[in-house]
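Undergrad: With the input below, show me the fold.
(chains A, B, C and D)
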There are 4 protein chains.
Amino acid sequence: MDELVKAVLAFRDQRDWRQFHNPKDLAISITLEAAELLEHFQWKTPAEVETFLADAEHRRQVGEEMADVLILLVSMADAVGLDLVETAWAKLEENARKYPVERARGTAKKYDQLLP
Amino acid sequence: MDELVKAVLAFRDQRDWRQFHNPKDLAISITLEAAELLEHFQWKTPAEVETFLADAEHRRQVGEEMADVLILLVSMADAVGLDLVETAWAKLEENARKYPVERARGTAKKYDQLLP
Amino acid sequence: MDELVKAVLAFRDQRDWRQFHNPKDLAISITLEAAELLEHFQWKTPAEVETFLADAEHRRQVGEEMADVLILLVSMADAVGLDLVETAWAKLEENARKYPVERARGTAKKYDQLLP
Amino acid sequence: MDELVKAVLAFRDQRDWRQFHNPKDLAISITLEAAELLEHFQWKTPAEVETFLADAEHRRQVGEEMADVLILLVSMADAVGLDLVETAWAKLEENARKYPVERARGTAKKYDQLLP
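TA: Next comes the predicted model:
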């Protein structure tokens, strides 16, 4: 991952793209790439999703959109001055507090709707 | 990152959430978390974005939304059967082909609008 | 609808909000409100969606998010200088060309994947 | 607008598309079309947005994406059993309560951050 972060930032700097990579436009782009990821699943039933993903080429296309989101997250972490993986560890700890195992098990409810 | 992936999947399995983590709903959630990230920048001018991000607590909040996106990407990679970091390397190579340094330098144009 | 358009623009002007209503920020807001609409359906199976929408209060909440999207579309049409309902008529005509009844019937395929 | 609603629903029914038009997939599609609208403004400064929209063909393209969102909102209102324009009137009244003129004038703050 460290190598990937370096490669993503080198890619950006070789193209002199830092000037475009302000946090607001990066957040827009992350949303747009997430939407392109979601587009693969539009109008599909669970069974159709399964058939779709059984095809290696489709999995590769889905992976490309996921990669786009990750690459932009890496760029944004740099633009904002955060360590992406560290923020994920911190969030995972917070999630563990908000979703204690005994209350959150087997339910998709949001933390503010979990039984006390 | 390997440790993070393990922790994210363990978090999910301890709560028996794999049943909810189908690719379509994960793609929806990635889009929704990306939108929450973008919400921090809504209606803000570049100068206001800068002032906003000069505050450590605001940076932490932005980092939380970025973390949510990353955690969901990790879950989705597992649900689809992909290695997230590997897909990012592959995409970076493809981007290098689509955006050659000499043509892409200093422009925000999409690859299909770059001069030949 | 004409009355609604007038009311939406009067609401904006009474609050001196035209200064914020540039097309880019309006497009961001439309995306964010659409995401809030989608959030109501996150993690829900078709059966759960049906149960959820059988409740009048839930329908009202969903309607609120739809209203937010429409109100912002009206504001954006004004900011860009378009008549929203007219653009919808033009698009409907184009869709009729792209999705001829005999080929599009009963399929969710995109127009570029319909059989010739 | 009444005519438009009828035309949108007739378009759908002629193609036997009601079967696909469940509320969750419609909410996904509204989000995806909103993202396509936003894509037109990605990486653009306010000055670049102005230049972009000075071109009639660009305005037409932006109008197409807005039309897609409106057409899907109309379909969703029917799927959920709501009158779209009525919900917008109700929301406008609620917004008037949440954003009183004297407090909301000239500020882009959310209602819960307005001074009392």
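
Undergrad: List the residues that contact residue A:1.
TA: A:85, B:1, B:85 (CB atoms under 8 Å, 6 or more residues apart in numbering or on different chains). (Each C-beta comes from the backbone N, C-alpha and C, glycine too.)

Undergrad: where's it relative to chain D, distance?
TA: Residue A:1 sits 26 Å away from chain D, going by CB to the nearest CB, to the nearest Å.

Undergrad: what do you get for residue A:75?
TA: Distance check for residue A:75 against chain D: by CB to the nearest CB, it reads 13 Å.

Undergrad: I'd guessed that residue sits against residue A:21; true?
TA: Yes. Look at residue A:75 against residue A:21 with CB atoms under 8 Å: they come within range, at 5.5 Å.

Undergrad: okay, those two: which has more neighbours?
TA: Taking other CB atoms under 10 Å in any protein chain shown, residue A:75 and residue A:21 do not tie; residue A:75 has more neighbours (24 against 18).

Undergrad: Over to that one. Which of the three states is it?
TA: Put simply, residue A:75 is helix when judged by DSSP: H, G, I helix; E, B strand; the rest coil.

Undergrad: List the contacts of it.
TA: Listed by CB under 8 Å, 6+ apart, the contact set of residue A:75 reads A:8, A:9, A:12, A:21, A:26.

Undergrad: Distance of it relative to chain C?
TA: From residue A:75 to chain C the distance is 19 Å (CB to the nearest CB).

Undergrad: Over to residue A:40?
TA: From residue A:40 over to chain C (counting by CB to the nearest CB), the distance is 12 Å.

Undergrad: for residue A:85, same thing?
TA: Remark: distance between residue A:85 and chain C (CB to the nearest CB) = 26 Å.

Undergrad: repeat for residue A:38
TA: Distance from residue A:38 to chain C, by CB to the nearest CB: 9 Å.

Undergrad: ok, residue A:3 - how many residues close by?
TA: Using other CB under 10 Å, residue A:3 has 9 neighbouring residues.

Undergrad: check which helix or strand covers it.
TA: According to DSSP states H and E, residue A:3 maps onto helix A:2-14.

Undergrad: next SSE after that helix?
TA: Next helix or strand after helix A:2-14 toward the C-terminus (DSSP H and E): helix A:23-39.

Undergrad: what does that next one contact?
TA: With contacts defined as CB under 8 Å, 6+ apart, helix A:23-39 is touched by A:62, A:65-66, A:68-69, A:72-73, A:75-76, A:79-80, B:27-28, B:30-31, B:33-35, B:37-38, B:40-41, B:44, B:46, B:49, B:53, B:62, B:69, C:28, C:31, D:28, D:31-32, D:35-36, D:38-39, D:41-43.

Undergrad: which among these end up buried?
TA: Buried by 16 or more other CB atoms under 10 Å in any protein chain shown: A:62, A:65-66, A:68-69, A:72-73, A:75-76, A:79-80, B:27-28, B:30-31, B:33-35, B:37-38, B:40-41, B:44, B:49, B:53, B:62, B:69, C:28, C:31, D:28, D:31-32, D:35-36, D:38-39, D:41-43, out of these.

Undergrad: Show me what counts as buried in whatever helix or strand residue A:102 lives in.
TA: Using DSSP H and E, residue A:102 falls within helix A:101-104. The neighbour-count criterion (16+ other CB under 10 Å) identifies residue A:104 as the buried residues of helix A:101-104.

Undergrad: How about residues contacting it?
TA: Contacts of helix A:101-104 (CB under 8 Å, 6+ apart): A:111, A:114, A:115, B:14, B:15, B:17.

Undergrad: For those residues, work out which two are farthest apart.
TA: Spanning the widest gap among those are A:115 and B:14, at 17.8 Å by CB to CB.

Undergrad: higher neighbour count, those two?
TA: Taking other CB under 10 Å, residue A:115 and residue B:14 do not tie; residue B:14 has more neighbours (13 against 6).

Undergrad: Quick one, grab the pLDDT at the closest residue in space to the more buried one that isn't next to it in sequence.
TA: Once flanking residues are discounted, residue B:14 sits nearest to residue A:101: 5.1 Å by CB to CB, 6 or more residues apart in numbering or on different chains. For residue A:101, the pLDDT comes out at 92.

Undergrad: pLDDT weak spots in chain A?
TA: Scanning chain A for pLDDT under 70 picks out A:115-116.

Undergrad: what does it have sitting close to chain D?
TA: For chain A, the contact set with chain D under CB under 8 Å from any CB of the partner chain comprises A:20, A:25, A:28-29, A:31-32, A:35-36, A:38-39, A:41-43.

Undergrad: any chance of the residues you listed in a markdown table, with distance to residue D:95 too?
TA: As requested, those are arranged in a markdown table below (distance: CB to CB, whole Å):
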| residue | distance to residue D:95 |
| --- | --- |
| A:20 | 35 |
| A:25 | 28 |
| A:28 | 25 |
| A:29 | 30 |
| A:31 | 24 |
| A:32 | 28 |
| A:35 | 27 |
| A:36 | 32 |
| A:38 | 29 |
| A:39 | 31 |
| A:41 | 33 |
| A:42 | 31 |
| A:43 | 33 |
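
Undergrad: Spatially nearest residue to residue A:88, not counting backbone neighbours?
TA: residue B:67 (4.4 Å).

Undergrad: can you tell me which residues contact that neighbour?
TA: For residue B:67, the contacting residues are A:84, A:87, A:88, A:90, A:91, A:92, by CB under 8 Å, 6+ apart.

Undergrad: The helix or strand containing it vs helix A:56-80, what angle?
TA: Using DSSP H and E, residue B:67 sits within helix B:56-80. If you take axes from the mean of the first three to the mean of the last three CA atoms, to 10 degrees, helix B:56-80 sits at 170 degrees to helix A:56-80.
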